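Asks: heads up, no residue letters with this:
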């Protein structure tokens, strides 16, 4: 029976064989890898990944699709909202860091990225497909409109490498936006900083992008009793990731 894509789950199924081959080549899965696929859908990526590594964990919210997937040998199906999945527990169960793959639902792609960030110590790499504009924000350099909170929080913890663009016609039904595949690799030794504090600082900094930081971050730093020096005569998008991280680390406890 044909599965009808469900709008509430943000379902757009990958159907282009060339794109599927390119993603599998980028992942380069090996037997024994602890591979986890987010949102396998109709299994377009699942089948070639499984053929290469022999066993695969898939996370699927749609119960009809999860039931279909359970019929395939070699698949461990986790029927759940990915935002509730404990990736640290999955890694402990496999006895090694995870390798994550997925065509992420575009309506919750940013929350998924932050959820993965929380578990970054437990995965080796991630190859994910997202809206192209989100990938541009993830990989942005300081000084442009794409550089923002998502950029800083991701690049503090991971190396971000855009791989290739994917046109709407590679999906069924086609989304209204261009997509892109990106590789994330957690840094071996990220700067030691309280992630929650950094997140709060960066949120304040980018809350009014057009204003100089003295109007936003400056007041927040005063409230934190910060006595150090930091150039507030800049806009948020002009401050490199490393400076935000160093500032967060220098805040009074």
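Replies: Structure's in. What do you need? What you see is a predicted model, and the numbers here were worked out from it, not measured in a lab.

Asks: surely residue 144 meets residue 237?
Replies: Yes - counting by CB atoms under 8 Å, residue 237 is a contact partner of residue 144 at 6.7 Å. (C-beta placed from N, C-alpha, C; glycine too.)

Asks: Residue 187 versus the nearest residue to residue 190 once chain neighbours are set aside, what's the distance?
Replies: Nearest residue to residue 190 in three dimensions, chain neighbours excluded: residue 157, at 5.3 Å (CB to CB, 6 or more residues apart in numbering). Look at residue 157 and residue 187: by CB to CB, to the nearest Å, they are 7 Å apart.

Asks: repeat for residue 82
Replies: Taking CB to CB, one finds residue 82 at 23 Å from residue 187.

Asks: so how far is the helix or strand bottoming out on mean pLDDT in the chain off the chain centroid?
Replies: In the chain, the helix or strand scored least confidently by mean pLDDT, DSSP states H and E is strand 13-14, which has a mean of 90. Offset of strand 13-14 from its chain centre (CA atoms, centre = their mean, to the nearest Å): 18 Å.

Asks: try stretch 124-136
Replies: So, by CA atoms, centre = their mean, the centroid of stretch 124-136 is 6 Å from its chain's centroid.

Asks: so what's the backbone phi/psi at residue 34?
Replies: phi -90, psi 80 (degrees, to the nearest 10).

Asks: I figured it hits residue 92, correct?
Replies: No - using CB under 8 Å, residue 34 is not in contact with residue 92, being 10.3 Å away.

Asks: So for these two, which residue has more residues nearby?
Replies: residue 34 (21 against 11; other CB atoms under 10 Å).

Asks: Relative to residue 57, how far out is that one?
Replies: 8 Å.

Asks: go on, residue 111?
Replies: 20 Å.

Asks: all strands of the stretch 151-253 of the chain, in order?
Replies: 158-166, 171-172, 179-186 (DSSP state E, counting those that start in this stretch).

Asks: among those strands, which is nearest residue 86?
Replies: strand 179-186 (17.2 Å; CB to CB).

Asks: And the closest one, how far out from the chain middle?
Replies: Here strand 179-186 is found 7 Å from its chain centre; the criterion is CA atoms, centre = their mean.

Asks: In its sheet, which strands sit next to that strand, and in what direction?
Replies: Strand 179-186 has the following strand partners under DSSP bridges: strand 123-131 (antiparallel), strand 158-166 (antiparallel).

Asks: Done for today, thanks.
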